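Trainee: let me see the structure of the following:
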Amino acid sequence: MKRPKHLNFLWDVFVLAATSFGGPQVHWALFLRRLVHEKQYLTEDELFEIQALCSVLPGPTSTQMITAIGLKRGGASLAYMTLLLWITPAVFIMTLAAYGMTYLRNRDLVQFVLPVGVGLILQAGWLMARKVIKSWMYVWILVFTIAVGILFATPYVFPLVLVLGGIISSFNFREFPRQNKHKMIIPWANFHLFWGVFVFLVLLGETTDYFPFHLLENFYRNGSLVFGGGQVLAPVLYTEFVDFKGLIRPDDYLTGMALSQSLPGPIFALTSYLGVLLMKDYGIFGQLAGSVIGALGIFLPGTFLIFFVFRIWGQLKQYRFIRASLAGIQAASVGLTGVAVYTFVYPMIQKGDGVSIALVIFTFLVAQTERVPAIALFSAALLAGYVLS
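Mentor: Purely as a prediction, here's the structure:
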């Protein structure tokens, strides 16, 4: 019997979904290893292009990356299957976690997960830096990004430094060969879908008191406006649902946040957990609907955007300054990885948490050998947390 087309690719996507711990910076390194070096579904340069492209878009970066890879290999149908397989394990586990909150209140279980994750982020940043930092100009972009990211700790800085890095490196356009230019044909459908759904949900939220509609609008809005990945989304949603609206208990939220960062796949799956808790007054099936609302609301806008941008990317590359800008965006991405490491490590230093700092360094050194998979490191961290708790 003939093997279904793209089955091997979808299997690799599922394996990554079940084993990719550590957030978007680590996901990038794992995509590089499995999809490029081992399976050769695309080249390093193609992956770097996709990473740079997704970095300047709002929404879940690693989800947009792997969806774009599916789109590149097999069109829209494969892209949607890729998206579904990528998010399903994390969404499923976060939904079950929300149903079982009474068993998850002891956050000591995940006390060692964060240092392991930070060590893997550091290793992924180091790996990317070795590949994209090719001259002093990119070193200065990297250093500038780290400095700005630390001094102005706000999510709105992220897209600005990425765009600025791209603008600076675009002045190197003379290093790139000319291409024959063709008239650009822009398929606007997905962009219109992106903003059309946004406006529809806002208007729906203003004209109805039905809570599930408000919930869908909240998640879609955050998926449309948040740059920087799950580490940025988590505090934004905490401010909205815990501090401002008081709909979720702080300890319940922090438990879900810690759990989402200890699971494989996209950290944005936290919204499925929140959807279940927010729909607690609607019964068991209403809570299940809350999980679906959380996943749809947070992942759809980024999917619409990457479908739109990726389809015009081939046309944009005919301009030399666009191609030249990619290296600057990549250098700024490495800088933002450094900012993420600083954000997590600085509180450890303030508290004098030598164990966590040592674990970050140990994880980084072990990951450098590429002999121990990330899932083994995270499993050991969870086991240690369980034993000591």
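Trainee: distance of residue 388 relative to residue 381?
Mentor: Noted for residue 388: a distance of 11 Å to residue 381, by Cβ to Cβ, to the nearest Å. Yep, even glycine has a C-beta here, placed from its N, CA and C like the rest.
Trainee: and the longest helix anywhere in the chain, which residues are buried?
Mentor: Longest helix in the chain by number of residues (criterion: DSSP state H): helix 61-99. The neighbour-count check on helix 61-99 (16 or more other Cβ atoms under 10 Å) flags 61-74, 78-79, 81-91, 93-95, 97-99 as buried.
Trainee: same question for stretch 293-313.
Mentor: Quick answer for stretch 293-313 (16+ other Cβ under 10 Å): 293-311, 313.
Trainee: now stretch 352-366
Mentor: Judged by neighbour count using 16+ other Cβ under 10 Å, the buried positions of stretch 352-366 are 356-357, 359-360, 363-364, 366.
Trainee: after the lowest-mean-pLDDT helix or strand in the chain, which helix or strand is next?
Mentor: Lowest mean confidence among the helices and strands of the chain (mean pLDDT, DSSP states H and E): helix 230-238, at a mean of 72. Scanning forward in sequence from helix 230-238 by DSSP states H and E, the next helix or strand is helix 250-260.
Trainee: for that following helix, name the packing helices and strands.
Mentor: Contact partners of helix 250-260 among helices and strands, from 3 or more Cβ pairs under 8 Å, 6 or more residues apart in numbering; DSSP states H and E: helix 61-99, helix 230-238, helix 270-278.
Trainee: in helices only, show me the buried residues of stretch 293-313.
Mentor: With DSSP H as the criterion, helices contain 293-311, 313 from among these.
Trainee: quick check: angle from the helix or strand hosting residue 334 to helix 61-99?
Mentor: Per DSSP H and E, residue 334 falls inside helix 320-351. In terms of direction (axes from the mean of the first three to the mean of the last three Cα atoms, to 10 degrees), helix 320-351 departs from helix 61-99 by 40 degrees.
Trainee: what helices and strands are in contact with the helix or strand following helix 320-351?
Mentor: Counting by DSSP H and E, the next helix or strand C-terminal to helix 320-351 is helix 354-369. Packing partners of helix 354-369 (3+ Cβ pairs under 8 Å, 6+ apart): helix 113-132, helix 320-351, helix 374-388.
Trainee: contacts for helix 354-369?
Mentor: 112, 114-116, 118-120, 122-123, 126, 345, 348-349, 372, 374, 377, 381 (Cβ atoms under 8 Å, 6 or more residues apart in numbering).
Trainee: then stretch 138-150?
Mentor: Stretch 138-150 is contacted from outside by 129, 132-133, 157-158, 161, 165, 168-169, 327-328, 331-332, 334-336, 338-339, 342, using Cβ under 8 Å, 6+ apart.
Trainee: in it, what's buried?
Mentor: Residues 138, 141-142, 144-146, 148-149 are the ones in stretch 138-150 that count as buried (16+ other Cβ under 10 Å).
Trainee: state the mean pLDDT of the longest helix of the chain.
Mentor: Across helix 61-99, pLDDT averages out at 91.
Trainee: could you check the angle helix 250-260 makes with that helix?
Mentor: Relative orientation of helix 61-99 versus helix 250-260 (the same axes, to 10 degrees): 130 degrees.
Trainee: centre of the chain to helix 61-99, how far?
Mentor: Relative to the mean C-alpha coordinate of its chain, helix 61-99 is positioned 11 Å out (Cα atoms, centre = their mean, to the nearest Å).
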